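Asker: quick one, structure for this:
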Amino acid sequence: MADILEIDLNDEDRICKLSSALSSPARIQILKLLYFNSYSVVEIAQKLDIPTSSAALYVRSLEEAGLINTYVQKRSRGSSKICSRKNDFINIKLITEDETVHKAHSISMPVGAYSNCSVSPTCGIASELNYIGHQDRPDSFFLPEHYTAQILWSSNGFVEYLFPFPFSNGEQLERLILSFEACSEAANYKEDWPSEISVDIDGLDCGTWFSSGDHGERRGRLNPAWWPSGCTQYGELVKLEISTHGTFINSKFASNTTVKNFCFSKTKPIVIRIGNRPEARCVGGFSLFGKKFGDVEQDIVLSLIY
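Answerer: Numbers count the residues shown, from 1 in each chain. Got it, this is the predicted structure:
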């Protein structure tokens, strides 16, 4: 895979060093020399027929510009500075971004890609092609094939997902938006079967969505042909948004949790738990739909606005 050096106009110091390093034919010859092999400073001087002192200066300039790698190799008589190729391409982005405009990074997580779960009958999982394991067997949720699931259901409990935190350069998080298709879970289906489906993020209560029932009176728009009628068919799109003012679910206030309450880091994942809390008044289970089931062609989507 090619190694690409990415630079934009905000990195003015690096662009200047890069331009200076590439302004000399001798330094360009060194880059060409190092493309296929690694050489010491002395060897570079010999191959280009230049003084060792000049080769050392050229190497230092290329190193400061981030164009080559160097390391010191100890030998029986002193040591040598070994130089090697670092990049295959240089990409200089000549446009810059308006810092007043918010940007978004979205991650789509398949419903079967949970990292942990606690489920109880009635429960089960299915891929686009067939059931995975046996229905009403919680251990089926731990089969390796669970990653291919496009629908899952349980009468209570939770499923937990790990999302990477994609930032590392001090980006200021303004909003977090989580969306997924869900409904209650009853045996077969039952339109009047309320359930309180809650969302926790990194252990913080982010609110509860009230599902009116387990929807099965018609087929889901995306359901595969093999999926039987007379059971859960589709859900509703749940959109949870956390801003500096609190948490809102489908535009209704859900909790006082704000983006300021989180300490996200690139060193640990964002933990998102969806399910029924044991203390909920209506524990009517939950069903989650992937992009191949239900009515909404999407998986669980986390969007970070920064």
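Asker: other SSEs contacting the lengthiest helix in the chain?
Answerer: Secondary structure of the chain per DSSP state H: the longest helix is helix 52-64. If you count contacts as 3 or more CB pairs under 8 Å, 6 or more residues apart in numbering; DSSP states H and E, helix 52-64 packs onto helix 12-21, helix 25-33, helix 41-48, strand 68-74, strand 79-85. To be clear about C-beta, it is placed using only N, CA and C from the backbone, and glycine gets the same treatment.
Asker: any idea which helix or strand in the chain has the lowest mean pLDDT?
Answerer: strand 4-8 (a mean of 86; mean pLDDT, DSSP states H and E).
Asker: how about JSON lines for the helices and strands packed on helix 52-64, with mean neighbour count and distance to residue 266 added?
Answerer: What follows is the helices and strands packed on helix 52-64, written out as JSON lines (neighbours: other CB atoms under 10 Å; distance: least, CB to CB, whole Å):
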{"stretch": "helix 12-21", "mean neighbour count": "14", "distance to residue 266": "22"}
{"stretch": "helix 25-33", "mean neighbour count": "16", "distance to residue 266": "32"}
{"stretch": "helix 41-48", "mean neighbour count": "17", "distance to residue 266": "37"}
{"stretch": "strand 68-74", "mean neighbour count": "13", "distance to residue 266": "24"}
{"stretch": "strand 79-85", "mean neighbour count": "16", "distance to residue 266": "28"}
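Asker: reformat those as a markdown table; add mean pLDDT and distance to residue 227.
Answerer: Formatted as a markdown table, the helices and strands packed on helix 52-64 follow (pLDDT from 0 to 100; distance: least, CB to CB, whole Å):
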| stretch | mean pLDDT | distance to residue 227 |
| --- | --- | --- |
| helix 12-21 | 89 | 55 |
| helix 25-33 | 94 | 59 |
| helix 41-48 | 95 | 67 |
| strand 68-74 | 92 | 55 |
| strand 79-85 | 92 | 54 |
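Asker: on that earlier part again, export the least confident helix or strand of the chain as PDB, just CAs?
Answerer: Listed next in PDB are the C-alpha coordinates belonging to strand 4-8 (Å, rounded to 0.1, in the frame of the first residue of the first chain):
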ATOM      1  CA  ILE A   4       1.000   9.200   1.300                       C
ATOM      2  CA  LEU A   5       2.200  12.400   3.000                       C
ATOM      3  CA  GLU A   6      -0.900  14.500   3.500                       C
ATOM      4  CA  ILE A   7      -0.500  18.300   4.100                       C
ATOM      5  CA  ASP A   8      -2.900  21.100   4.100                       C
END
